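Visitor: okay, sequence plus prediction incoming.
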Amino acid sequence: MISMYKSDHIEKAAQDFWAKEKCFESSEETKKEKFYCLTMFPYPSGQLHMGHVRVFTISDVIARYQRMRGKHVLQPMGWDAFGMPAENAAIKRNIPPAKWTYENIDYMRGQLKRLGYAYDWNREITTCDPKYYKWEQWLFIRLFEKGMVYRKNSIVNWDPVDQTVLANEQVIDGRGWRSDAVVERKEIPQWFMKITAYADELLEDLDNLEGWPTSVKTMQRNWIGRSEGIELSFDIYGSSSKLEIYTTRPDTLMGATYMAVAPEHPLALEASKNDTEIAAFIKDCKKNHASEAAIETMEKKGLSLDIYAIHPITGEKIPVWVANFVLMAYGSGAIMAVPGHDQRDWEFAKKYDLNIKQVIRPNDDVEVNIDNAPYVGKGILIDSLNYSDMTSDQAFDRIADYFESTGKGKRVTNFRLRDWGVSRQRYWGTPIPIIYCDDCGAVPVPEKQLPVILPEDVKFSGIGSPLKDMPEFYNTECPKCNKSAKRETDTFDTFFESSWYFSRYACHDASSGMTDERESYWMPVDQYTGGIEHAILHLLYSRFFQRLMRDEGLSSVSEPFTNLLTQGMVLKDGAKMSKAKGNTVDPQGLIEKYGADTVRLFMMSAAPPELALEWSDAGVQGAYRFLNRLWNAIDSHEIIKNKNFSWELSESQKNLRFKVHSTIKKVTDDIGRRYKYNTAIAGIMELLNTLNKYQPVSPECDILKQEAFEAIVKLLSPITPHICHALWQKLGKEDPLIYASWPNYDENILKRKEIEIIIQINGKLRGKLNIDVDSKQKELESMVMSNDKIIKFLDGKSVKKFIYVKGKLINVVI
RNA sequence: GCCCGGGUGGCGGAAUUGGUAGACGCUACGGACUUAAAAUCCGUUGUCCGAAAGGACGUGCCGGUUCGAGUCCGGCCCCGGGCACCA
């Protein structure tokens, strides 16, 4: 009886079976080892895109593999539901963000179910649900009372036409994306969380994250950017004010030839009062984009303030400049410039013809000419008074000692990491639970009044946040003095929601607290999978949040994610797929045409997870063909119920069995250790090719084929679970595949007596040789030297060296 | 600009610890089956020379280490991600 592979029918049957059996619903009562397998939850943008399909499939393969390895697996799913696109959609289509979001979620949930992921849907979380964000408000208040959050002014991109704060991506060439108005930097008060208080811990604990890629750890290390330096102050000539600066290179202090301050620095503002040129320059600086990339790449400009600082050691007068690349938000808003030994200072000095002085020479006697380029390395001090001839490190210590003893400066550890600004002047986010009272100031909303609910039925104009036009929302009374007061109308950064959702999955319906005892069963996450684009912000904020929760007694875990797999982007035409670029590929059509298994298989076979995957429509067809070949091969196979290997295997049978067991070994390593699904699939395809070409020599061959097909179906089942569910039944198995365990291989079958090695002459491949595994170098030497082909290549030359790499190759050096 | 990745046939990629470059798949071409087409099956497919046997070249570029380099080191070029309000 011949049957055809019909994906839609098979996939529905498998999914119905898993649902009926509640296969993926995970309780906390089990003796088995837990395995928490998590994917970065999606923003409900409308439809799944290929990036989603890729990351969810990677994670699902891990979850299903671990399940077959006997683990008690939890794989949850939910929605990162707050964010800007809902507001944009609201403006464009005149629907409230909440309605748009919930509709998207419903549609995308259906798509996920169609793809057959092994999720525990009971634990679904939606972050715009007050039952979820209530606990963020609750934690924020606790942190407020602890002094871990504070309010200060900081800079935003201000669109003067739309009267709106713009995200960096909404500023295009210095103009608002909708209004086209020139965007201004504006200072407004915002809430901050003290992530810098955890900077040292976040940095040091990276060393223990063995399950994280080194690239991500390096990025986080550089981002935190711990540096040791000294803070010192320069007196101002003819003034009582001082200029505070921080430097990591006090050894270059004698080479400081000018100072530079930020446009917002008090000295610059003072100077601008009597100087229209300086005032104009400062005004012009306000137009600069607030992002670091923009500041680093813009043309460096400055003006002399006609103010002089006094060098704290030499007593020389040093000119003070105002410069557009010095930021008030970092440190003290002033720097000491050493053009001889710093690239940026050097370029600025060249541009404005400022003095460049060499005070360091390299350790080795390499000539440097600081007129052509700065020397930025460490070395030996020169022309530095009594510090001359010291090494940079010695001078660092002596100069730091000097300042500490005179009280003019001190050693300071600095971080590049800045506190996390969590305020957003947007509607579609978690309301910040603060009430402003004229008398009492900023007062947290009392716990029993939580959650502060975001009104969902709103009109959305795009001019500012609707909350600012809703007196019924913001008019309230002060919890301390009962006088009328106003609520905060800003909402949280959406990274807030994604910083702890993994804890909430463990106890999604906990009503008495942010988490409950189930958190300690599941946390930490054993395997976290997501895009490399989150390597810094999301992952660092989550590590920070985990520690905040730990210190609130909500968790005993410090690191939320034990193992991290960062998957590369799905690119189209060489760029990240995004709606903005209009280069998306809709997976839905492919699922309808070929089925979920084909899409899953193709995504996993096209590239290893961590590499960027350039999308191409071709190739899906190949995955589909392979599934058909597999289906047909098993369809025409004679079922063997009892595999009994009691006969003496022929040479070809031994080879086939070797192939089966070596494939099990390879695929186990590829999936379990290397996360290389593409090579695992290639290995399985090879085995099927071998089977299809195999010429049976005796009736017992069906026993071998049965063993091989069972192995293929199991090995492939984490990747294409539906077809494997059906094929397992076709192989005569009564227990469903979902309850089967991962196949084992037999080392004895993998032992070989004879192997093929290659012969090289001077590193070039010249021949092959079948040898006994245990051959000694001496035997091989005489074998090779009497080989006609090799003698021909030797061309009468004498052998200088004979190298034998056991089991691999021989290299004859002549 | 800074930090982190990547660059291998016509294409996606493989080569796991420095040891046969191109596994597996796609595309293309040739053949079988068919009235025909689709599907399927078989074969060929890095470039160049050669009838063939075989040989030379070849992993972004330049240089180095090594018996041996896609892999290690130094210098560059290009592409992607991140740069704190896209998520």
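Guide: That came in fine, so what should we check first?

Visitor: residue boundaries of the strands in the stretch 1-150 of chain A?
Guide: Using DSSP state E, counting those that start in this stretch, the strands of the stretch 1-150 of chain A run over residues A:34-39, A:72-74, A:78-79, A:125-126, A:149-159.

Visitor: those strands: lowest mean pLDDT?
Guide: Across these, strand A:149-159 has the smallest mean pLDDT, namely a mean of 93.

Visitor: show me the one of the strands of the stretch 1-150 of chain A that comes nearest RNA strand B.
Guide: Distance to RNA strand B, taken as CB to the nearest atom of the strand, is lowest for strand A:149-159 among the strands of the stretch 1-150 of chain A, at 4.3 Å. All C-beta atoms are positioned from the backbone trio N, CA, C, and that covers glycine.

Visitor: and the closest one, what does it pack onto?
Guide: strand A:164-166, strand A:184-193 (3 or more CB pairs under 8 Å, 6 or more residues apart in numbering; DSSP states H and E).

Visitor: these: which one's closest to RNA strand B?
Guide: Closest approach to RNA strand B among the helices and strands packed on strand A:149-159 (CB to the nearest atom of the strand): strand A:164-166, 4.6 Å.

Visitor: for chain A, give me the ranges with low pLDDT.
Guide: The model of chain A has pLDDT under 70 over residues A:1-2, A:365, A:572-576, A:578-583, A:795.

Visitor: now residue A:172: how far from residue A:181?
Guide: 11 Å (CB to CB, to the nearest Å).

Visitor: quick one, which of the two is more surrounded?
Guide: It is residue A:181, of residue A:172 and residue A:181, that has more neighbours when counted by other CB atoms under 10 Å, with 15 against 11.

Visitor: unless I'm mixing things up, the more buried one is touching residue A:161, no?
Guide: Yes. Counting by CB atoms under 8 Å, residue A:161 is a contact partner of residue A:181 at 3.9 Å.

Visitor: what's the one helix or strand residue A:603 maps to in contact with?
Guide: Here residue A:603 sits within helix A:596-606, counting by DSSP states H and E. By CB atoms under 8 Å, 6 or more residues apart in numbering, the residues outside helix A:596-606 that reach it are A:7, A:11, A:50, A:53-54, A:57-58, A:60-61, A:114-116, A:587, A:590-591, A:613, A:619-620, A:622-624, A:626-627, A:677-678, A:681-682, A:719-723.

Visitor: same check on stretch A:646-658?
Guide: For stretch A:646-658, using CB under 8 Å, 6+ apart, the contacting residues are A:690-691, A:694-695, A:697-698, A:700-701, A:704, A:707-708, A:749-750, A:752.

Visitor: are any of these buried, and which?
Guide: Buried by 16 or more other CB atoms under 10 Å: A:691, A:694, A:700, A:701, A:704, A:707, A:708, A:749, out of the contacts of stretch A:646-658.

Visitor: next, format the strands of the stretch 1-150 of chain A as CSV and append mean neighbour count and distance to RNA strand B.
Guide: CSV is the format used below for the strands of the stretch 1-150 of chain A (neighbours: other CB atoms under 10 Å; distance: least, CB to the nearest atom of the strand, whole Å):
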stretch, mean neighbour count, distance to RNA strand B
strand A:34-39, 24, 12
strand A:72-74, 23, 22
strand A:78-79, 24, 9
strand A:125-126, 20, 12
strand A:149-159, 18, 4
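
Visitor: quick check: which element contains the residue in chain A positioned nearest to RNA strand B?
Guide: With CB to the nearest atom of the strand as the measure, residue A:622 is the residue of chain A nearest to RNA strand B, at 2.4 Å. When elements are assigned from DSSP H and E, residue A:622 belongs to helix A:620-635.

Visitor: which helices and strands sit right next to that helix?
Guide: Helix A:620-635 makes packing contacts with helix A:587-594, helix A:596-606, helix A:677-693, helix A:701-716, helix A:721-730 when contacts are defined by 3+ CB pairs under 8 Å, 6+ apart.

Visitor: make JSON lines out of those helices and add distance to RNA strand B.
Guide: What follows is those, written out as JSON lines (distance: least, CB to the nearest atom of the strand, whole Å):
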{"stretch": "helix A:587-594", "distance to RNA strand B": "12"}
{"stretch": "helix A:596-606", "distance to RNA strand B": "4"}
{"stretch": "helix A:677-693", "distance to RNA strand B": "3"}
{"stretch": "helix A:701-716", "distance to RNA strand B": "12"}
{"stretch": "helix A:721-730", "distance to RNA strand B": "15"}
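
Visitor: from those helices, which stretch is densest packed?
Guide: Neighbour counts (mean count of other CB atoms under 10 Å) averaged over each of these peak at helix A:596-606, with a mean of 25.

Visitor: grab the CA positions of that helix and hand them over as PDB.
Guide: Only the C-alpha atoms of helix A:596-606 are listed here, as PDB (Å, rounded to 0.1, in the frame of the first residue of the first chain):
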ATOM      1  CA  ALA A 596       5.700  23.400   9.200                       C
ATOM      2  CA  ASP A 597       8.300  20.600   9.100                       C
ATOM      3  CA  THR A 598       9.700  21.700   5.700                       C
ATOM      4  CA  VAL A 599      10.100  25.300   6.900                       C
ATOM      5  CA  ARG A 600      11.700  24.100  10.200                       C
ATOM      6  CA  LEU A 601      14.000  21.800   8.300                       C
ATOM      7  CA  PHE A 602      15.100  24.400   5.800                       C
ATOM      8  CA  MET A 603      15.700  27.100   8.500                       C
ATOM      9  CA  MET A 604      17.900  24.600  10.400                       C
ATOM     10  CA  SER A 605      19.800  23.300   7.400                       C
ATOM     11  CA  ALA A 606      20.600  26.600   5.800                       C
END
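
Visitor: what does stretch A:454-466 contact?
Guide: For stretch A:454-466, contacts defined as CB under 8 Å, 6+ apart pick out A:87, A:90-91, A:94, A:96-99, A:128, A:130, A:133, A:162-164, A:178, A:425-431, A:467, A:470, A:472-473, A:489-491.

Visitor: how about 6 Å then?
Guide: A:90, A:91, A:96, A:98, A:162, A:163, A:164, A:426, A:427, A:431, A:473, A:489 (CB atoms under 6 Å, 6 or more residues apart in numbering).

Visitor: pretty sure residue A:64 sits against residue A:718.
Guide: Yes. Counting by CB atoms under 6 Å, residue A:718 is a contact partner of residue A:64 at 3.8 Å.
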